[in-house]
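>>> Here is the input, now give the coordinates:
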Amino acid sequence: MNIKNRLTSYFKAGYSGLYLTSYEEARVEADIAAVAAEIGFQLYVWTITDSLVGPMGDEEPKQLMNENGEVLDPFSLLPFIKKRWKPQTEGKEDDKVVFLLKDFHIFLQDQNPMMIRLVKDFMTYAKSCQKRVVVLGCQFKLVAELEKEFTVVEFELPTREDLRLVLNGIGESASIHLNGNTDKILDAAMGMTTTEAADAFALAVVESGGQDIHPEVVAREKSNVVKKNGLLEIVSQKVTLDDIGGLENLKSDLYEKRNLFTKEARDYGLVSPRGALVVGQPGTGKSLTATATGQIFNIPLVKLEAGKLFGSLVGQSELNWRTAFATAKAIAPCCFWVDEIDGLVSGAKSSGQTDGGTTARVVKAILQDMQFNSDGIFYIFTANDIDGLPDPLIDRLDVWSVDLPNQTEREAIWRIHIAKQRNQTSIVRDPKDYSVATIASMTDGFSGRQIEQVWLAAMTRAFNDGRREPTTDDVTYVSSQFVPTSKTMATQIEERRKRLENRAKPASATETAAPARKGRKLSV
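Numbering: from 1, shown residues only. Sure, this is the predicted structure:
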């Protein structure tokens, strides 16, 4: 059900208090005005600067003031409305009015007994005489005493068609043709508000010298916008499957799903694939694999650090998830990477005793959105451990176990890191110049992250020794100074392996055993 239909139903059903969360005042007001006009309600709008203005839609809406000709402040507003729009006597119909209160939520956050009582009394009045109050704010924040007085309505980010109207408007005002880039521009803008999109389109026009709107500029601006809320980031790092050493089973599975977010797949009847939970030893490529998913599927990758969801205020953690998910949903199709999910959900079972149930509510919200609202989203969760993760979450995902790299994988990792670090003349170093099999054997028990650090340390040693090229001997010496992960975390690694046994698919392919040496054939 779209937002206009929901508002229509709420107004007709007599909901006296609605709390709309949105950053887009103009779009919200336009939609409320359209709904109010359609069902025969007048619309009045209050701000702390302009007082109460209405009916909106009239040629000359009136600015209503208090008895002293002053702006109606938050404490005098509700009594003023009750006095001006008194319930009609029996047999007469009350005026049907919607009051849109902008920024009023700020005055509902404090434990002010006067404001709490004013609001509660006003809701009783509003229910009895065809009055509806809509509080508009960018975040949901209410004291506990008022939570039950309002129904929360999340005003969704603009649809593709909403943004198309904005784009066409910018194109017409700049007198430019979009040269067949419309779909790419809209893809880049999904997840932005109409105002943010309009700004990005206008900036793209300016940067092109008034000739075009380049999707790359819009995508760059969206990345900056998404970062502002402190929850999400759009990962632009170009990581491919070739940048990942080993993990062949996991890589093969992701590659198999690479076309499932295309229009052809949807037309064929295929749905969004199951997400992945990549869990296992630290430093073994979990994050690198998650980073590569966007490139594999050729769709945006949105990252959420699970720990950022928690807020200090009541309801803030759940709101943070709703904000993050709404952004991902608006950007869809996309990959939605939730990093360190075990740190978020590990306390869900004891949440009622330890954090007032916040963790449990956040986990419930995540599971509900995954179950009912995930079309176009590929979830990839990364975690160090599987213990504490709720069974319903595990059941919704393909679980992959990532372990320390074997010999074949270490050789692949070494080749990648040797070739990745260019010298001063931008000439790629050739892994063939090194005894890769030997240094891979020397780094048995090392994680992929440690191998990278060994190579950087070997380069540092060579640089300090006359800026020469690093050698196998440098790697041999440096690696002897490291204590492998298999030793520093031996107990944790074995315990983790036991917990993951029969609960996850191995991300690494089984290492091919060396062929058995033929023995002497005897003739007896």
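>>> State the distance from Leu72 to Trp46.
For Leu72, the distance to Trp46 (CB to CB, to the nearest Å) stands at 7 Å. All C-beta atoms are positioned from the backbone trio N, CA, C, and that covers glycine.
>>> actually Lys120, not the one I typed
Distance from Lys120 to Trp46, by CB to CB: 19 Å.
>>> Which of the two has more residues huddled nearby?
Each of Lys120 and Trp46 has its neighbours counted (other CB atoms under 10 Å); Trp46 has more, 27 against 13.
>>> can you give me phi and psi for the more buried one?
Backbone geometry at Trp46, expressed as degrees, to the nearest 10, gives phi -110, psi 130.
>>> OK, contacts around it?
Trp46 is in contact with Leu52, Val53, Leu72, Leu77, Phe99, Leu100, Leu101, Lys102, Phe104, counting by CB atoms under 8 Å, 6 or more residues apart in numbering.
>>> Which strand or helix spans the second one?
For Val53, the enclosing helix or strand under DSSP states H and E is strand 51-54.
>>> and if you look at the fourth one?
Counting by DSSP H and E, the element that carries Leu77 is helix 74-84.
>>> Identify each buried residue in that helix, please.
Using 16 or more other CB atoms under 10 Å as the test for burial, helix 74-84 gives Pro74, Ser76, Leu77, Leu78, Phe80, Ile81, Lys82.
>>> got it, and stretch 330-339?
Applying 16+ other CB under 10 Å to stretch 330-339 flags Ala330, Ile331, Ala332, Pro333, Cys334, Cys335, Phe336, Trp337, Val338, Asp339 as buried.
>>> ditto for stretch 208-226
Of the residues in stretch 208-226, 212-215, 217-223, 225-226 count as buried by neighbour count, 16+ other CB under 10 Å.
>>> Off-centre distance for it?
For stretch 208-226, the gap between its own C-alpha mean and the chain's C-alpha mean amounts to 20 Å (CA atoms, centre = their mean, to the nearest Å).
>>> Give me the contact list for it.
Residues contacting stretch 208-226 (CB under 8 Å, 6+ apart): 167, 170-171, 174, 176, 178-179, 181, 184-185, 187-189, 191-192, 196-197, 199-201, 203-205, 207, 232-234, 236, 302, 327.
>>> Filter the residues you listed down to just the ones in strands.
The strands, defined by DSSP state E, take in Leu232, Glu233, Ile234, Val302 from these.
>>> before we move on, the earlier item: so which elements touch the strand holding Val53?
strand 42-47, strand 62-64, helix 74-84 (3 or more CB pairs under 8 Å, 6 or more residues apart in numbering; DSSP states H and E).
>>> how about these, which one is nearest Phe463?
Proximity to Phe463 (CB to CB) singles out strand 42-47 among the helices and strands packed on strand 51-54, at 62.2 Å.
>>> coming back round to it: is it possible to export the contacts of Trp46 to TSV including distance to Lys141 and pLDDT?
Shown next, in TSV, are the contacts of Trp46 (distance: CB to CB, whole Å; pLDDT from 0 to 100):
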residue	distance to Lys141	pLDDT
Leu52	23	95
Val53	25	95
Leu72	22	93
Leu77	19	94
Phe99	19	96
Leu100	18	96
Leu101	14	96
Lys102	15	95
Phe104	11	93
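>>> List only buried entries from those residues.
Looks like the contacts of Trp46 have Leu52, Val53, Leu72, Leu77, Phe99, Leu100, Leu101, Lys102, Phe104 buried, using 16+ other CB under 10 Å.
>>> still on that earlier bit, in its sheet, which strands sit next to the strand holding Val53, and in what direction?
According to DSSP bridges, strand 51-54 forms sheet pairs with strand 42-47 (antiparallel), strand 62-64 (antiparallel).
>>> Could you list the alpha-carbon positions for that strand in PDB?
Output of strand 51-54 as PDB, limited to C-alpha atoms (Å, rounded to 0.1, in the frame of the first residue of the first chain):
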ATOM      1  CA  SER A  51       2.300  30.000  13.300                       C
ATOM      2  CA  LEU A  52      -0.800  28.100  12.100                       C
ATOM      3  CA  VAL A  53      -1.600  28.800   8.400                       C
ATOM      4  CA  GLY A  54      -4.500  27.600   6.400                       C
END
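>>> Measure how far it is from the centre of its chain, please.
Worked out by CA atoms, centre = their mean, strand 51-54 lies 37 Å from the chain centre.
>>> one step back: ok, residues contacting the helix or strand following the helix holding Leu77?
Remark: after helix 74-84, the chain's next helix or strand is strand 97-102, criterion DSSP H and E. Residues outside strand 97-102 that contact it (CB under 8 Å, 6+ apart): 11, 25, 28-29, 32, 36, 41-47, 52, 77, 81, 85, 130-136.
>>> follow-up on the earlier one: how about residues contacting the strand holding Val53?
With CB under 8 Å, 6+ apart as the contact definition, strand 51-54 has outside contacts at 42-46, 61-65, 71-72, 77, 80-81, 99.
>>> one more time with 7 Å, if that's ok
42-46, 61-65, 71-72, 77 (CB atoms under 7 Å, 6 or more residues apart in numbering).
>>> Tell me the gap between the helix holding Leu77 and the middle of its chain.
For helix 74-84, the distance to the chain centre is 40 Å (CA atoms, centre = their mean).
>>> so who does Gly40 touch?
Going by CB under 7 Å, 6+ apart, the list of residues near Gly40 reads Lys96.
>>> Going forward, the N-terminal residue is numbered 38.
Yes, from this point I'll number from 38; that puts the last item at Gly77.
>>> can you list the domain ranges for the chain.
40-191, 197-265, 278-439, 444-523 (automatic domain parsing).
>>> that older thread, going by distance to Leu430, which of the buried ones among the contacts of Trp83 wins?
Using CB to CB, these come closest to Leu430 at Phe141, 37.3 Å.
>>> rewinding a little: and the contacts of stretch 245-263, which of them are in helices?
204, 207-208, 211, 221-222, 224-226, 233-234, 236-238, 240-242, 244, 364 (DSSP state H).
>>> Just the buried residues out of these, in ChimeraX syntax.
In ChimeraX, this line selects whichever of those come out buried by 16+ other CB under 10 Å:
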select :204,207,208,211,221,222,224,225,226,233,234,236,237,238,241,242,364
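>>> What is the three-state secondary structure of Asp435?
What DSSP: H, G, I helix; E, B strand; the rest coil gives for Asp435 is strand.
>>> now do Gly320
Note that with three-state DSSP, the state of Gly320 is coil.
>>> isn't it right up against Phe483?
No: with contact defined as CB atoms under 7 Å, Gly320 and Phe483 do not form a contacting pair (8.7 Å).
>>> the more surrounded of those two?
Comparing Gly320 with Phe483 by neighbour count (other CB under 10 Å), the higher total belongs to Phe483, at 25 against 21.
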